[in-house]
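J.: Predicted model and sequence follow; I will ask about them next.
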Amino acid sequence: MMSSNNSVDLLEDGAFAASKNSWNRYYSNSVVQPLLTDLYQITMAYAYWKSGKIDDHAVFDLFFRTNPFHGEFTIFAGLEECLKFMENFHYSETDIEYLKHALPQGIEEEFFEYLSQLTAKDVTLYALKEGSVAFPRVPLIKVAGPLIIVQLLETTLLTLVNYASLMATNAARYRMVAGRHINLLEFGLRRAQGPDGGLSASKYAYIGGFDGTSNVLAGKLFNIPVKGTHAHAYITSFTGTQELKTRVLAHKETGDKRDLLELAIEHRVQLSKILDISTEESSEGELAAMVSFAIAFPDGFMALVDTYDVKSATDPPEAEIDTDGQNANGDGLSNGNGMMSPENGDGDGEDDTMTPPPMCANCEANARNARGCVIRHLKSVGKCFRSGLLNFCAVVLALNDQGFRAVGIRIDSGDLAYLSCLARETFERISEQFKLPWFSKLTIVASNDINEETILSLNEQGHKIDCFGIGTHLVTCQRQPALGCVYKMVEINAQPRIKLSQDVVKVTMPGNKNVFRLYGADGHALIDLLQRVDESPPEVGQKVLCRHPFQESKRAYVIPTHVEPLYDVYWADGRVTQAMPSLEEVRDRVQNSLRTLRQDHKRTLNPTPYKVAVSDNLYNFIHDLWLQNAPIGELS
Ligand SMILES: Nc1ncnc2c1ncn2[C@@H]1O[C@H](COP(=O)(O)OP(=O)(O)OP(=O)(O)O)[C@@H](O)[C@H]1O
Ligand SMILES: O=P(O)(O)OC[C@H]1O[C@H](OP(=O)(O)OP(=O)(O)O)[C@H](O)[C@@H]1O
Ligand SMILES: O=C(O)c1cccnc1
Ligand SMILES: [Mg+2]
């Protein structure tokens, strides 16, 4: 695996040492500025201003109504970016010039003067800790201050929190299904929703639990370990060994120079006997590419082994093809590229009798012998996959002769469970034959349209993958492309505001509120409790009545073993009021916070909803206000 510091053991150490004092401290996305908003915020600002609402004071809540991905938790992220936005909030001269053109004619000049002086200095912002688990209806952020400015913040705060939280949640879910010991790399920049989407994806995937990214700018800006392998183009750029301009590699310790290609070819002859593969069926271009990559990165040698696999999908070994293009022995043999595997059929859940699983005659004969089965498949699968592993192992042994240890392989197509087992078996076999214990531990990276379900399925099947490289489905949040955070006014001039809706989930929780997380006897988080700000906080060991906000009959007493106030003030008097945690600290918080949740809230299938309740006082307050605001109709 290649990483930015280009040094030994590239999987272990990817962070750019020189960037320890992260650029992120100084980096502020220049796209995030007051004009990055919806026009209606500014037209409303004018109308508020004109109607004399300059001194009105409002409280807004930023919250979501349902958890994403059919899950029962969300990771709150994006806070640091919100605070940078608050810090920099100021309309520049050119902004004002632009607004004079963009807004309808007739707007008074004094309004533009007012706008040019506007900052967020009179705003107070409360929030949950970035990286903590959050639940529907609990405001992630509460903003209090002059109506006009807090209104103007709406769209930008939403755009900063919505995708960040969705992405961090998505990444955390991938981490949960992959388990703690698998490396997860984000490869999504090329498929992300634009450059800024790509950059945010890398940052919040890391917060959510990924180990690194292929996105170099994200590495520089956020001090995220950058890692990578190489593309198929590198392999296909070589057609034969005659193209190798450099073949010599000096020994790591002695400096003794040897021809790496020659060494690899010698090893390949030997390996081809051990693995029972004919060297004639291997690609010389592939060997040349691997040798040249190994010379360029002798300490970080990592190779794609499936380049010609695609070709062999429709190209079984010539010797076994009859004139119908069928496998001569009629066993429906797969070459390892398709979705079929010896144990699993093609995975479509349908009757596979028409397309028998890829059992070669050898396999069937040796079905009880896992190692025998795999090795015989290696003999029988398409020639190009065979050459991928064969060439790779030959180059690894050549590098070993010169005192270097390779890193591993990447598989980017085919049945990833089957192929990873096949590769691991091969490594173990060579490890034993050559008395090289580390050979069996070479890293196996898998990529190719991986999503949460793929990982779950691979886990069920059994695989030998050490690292997943995940792009498209991670960064585009395939299962749910947006988190529906909203920003709603809950109080104006100390008067509560409620937004009613036919749809009860859309009814807002009025008033200035506080929120507490109550923990149960087993130490897990039990319930989040919203209260009015003037209520006294719940106390450990004291019975608290927790009520469903809208269903009268749903209520329970809770005696908390621990009470966690969820809000901190992050912005007041024109400055950030907390020491901001590093990305690493936020990343750790995600995992720690998830640990406070019971397993049944986190499971993938039908997770139990986590309870969010209101105090009795808030319940009555909401319902009184609701009745006051819902006029009694007249039937005629
Ligand atoms: N063992 C497995 N179980 C479940 N899903 C798998 C398994 N192996 C691979 N997959 C997934 O199946 C899909 C296979 O994609 P696809 O049908 O495009 O095949 P492919 O190998 O990429 O073929 P090609 O290289 O010819 O495009 C990918 O999304 C991959 O992540
Ligand atoms: O599959 P993803 O999760 O998005 O991961 C990133 C993909 O990007 C690369 O593919 P490439 O752009 O070369 O195109 P490909 O789809 O043909 O492999 C890489 O080989 C992965 O397959
Ligand atoms: O480094 C890699 O292997 C990589 C990077 C981006 C996309 N796909 C793969
Ligand atoms: Mg791909």
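T.: Here it is on my side, so go on. Ligands and ions are numbered 1, 2, ... in the order given.
J.: Give the buried residues for stretch 234-248.
T.: The neighbour-count check on stretch 234-248 (16 or more other Cβ atoms under 10 Å) flags 234-235, 238, 241, 244, 247 as buried. Using the backbone N, CA and C atoms, a C-beta is placed for each residue, glycine as well.
J.: right, is that stretch up against ligand 1?
T.: No. If you take Cβ under 6 Å from any ligand atom as the test, stretch 234-248 misses ligand 1, and the best it gets is 13.8 Å.
J.: Does that stretch reach ligand 2?
T.: No. Judged by Cβ under 6 Å from any ligand atom, stretch 234-248 and ligand 2 are separated, with a smallest distance of 11.1 Å.
J.: So for that stretch, mean pLDDT?
T.: Mean pLDDT, stretch 234-248: 95.
J.: Stretch 137-153 too?
T.: For stretch 137-153, mean pLDDT rounds to 98.
J.: measure that stretch end to end?
T.: With Cα to Cα, to the nearest Å as the measure, the ends of stretch 137-153 fall 20 Å from one another.
J.: so how far is that stretch from its chain's centroid?
T.: 28 Å (Cα atoms, centre = their mean, to the nearest Å).
J.: What pLDDT is listed against the residue nearest to residue 188 when sequence neighbours are not counted?
T.: Closest residue to residue 188 apart from its sequence neighbours, by Cβ to Cβ, 6 or more residues apart in numbering: residue 475 at 3.2 Å. Per-residue pLDDT puts residue 475 at 98.
J.: Same check on the one 4 residues further on?
T.: The model reports residue 479 with a pLDDT of 93.
J.: Now for the nearest residue to it once chain neighbours are set aside: which residues touch it?
T.: Distances taken as Cβ to Cβ, 6+ apart put residue 69 closest to residue 479, at 4.9 Å, once the chain neighbours are dropped. Applying Cβ atoms under 8 Å, 6 or more residues apart in numbering, we find residue 69 in contact with 169-170, 173, 452, 477, 479-480.
J.: mind running it again at 10 Å?
T.: 166, 169-170, 173, 452, 477-480, 483, 604 (Cβ atoms under 10 Å, 6 or more residues apart in numbering).
J.: any chance of those residues in TSV, plus secondary structure and distance to residue 154?
T.: Formatted as TSV, the contacts of residue 69 follow (DSSP: H, G, I helix; E, B strand; the rest coil; distance: Cβ to Cβ, whole Å):
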residue	secondary structure	distance to residue 154
166	helix	18
169	helix	22
170	helix	24
173	helix	28
452	helix	32
477	coil	22
478	coil	28
479	coil	27
480	coil	22
483	coil	16
604	coil	34
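J.: Need the buried ones from these selected in PyMOL.
T.: The PyMOL selection below is limited to those of the contacts of residue 69 classed as buried (16+ other Cβ under 10 Å):
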select buried, resi 166+169+170+173+452+477+480+483
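J.: Kindly provide the distance from whichever residue of the chain sits closest to ligand 3 to residue 219.
T.: Closest contact between the chain and ligand 3, by Cβ to the nearest ligand atom, is at residue 228 (2.8 Å). Distance of residue 228 to residue 219, given as Cβ to Cβ, to the nearest Å: 10 Å.
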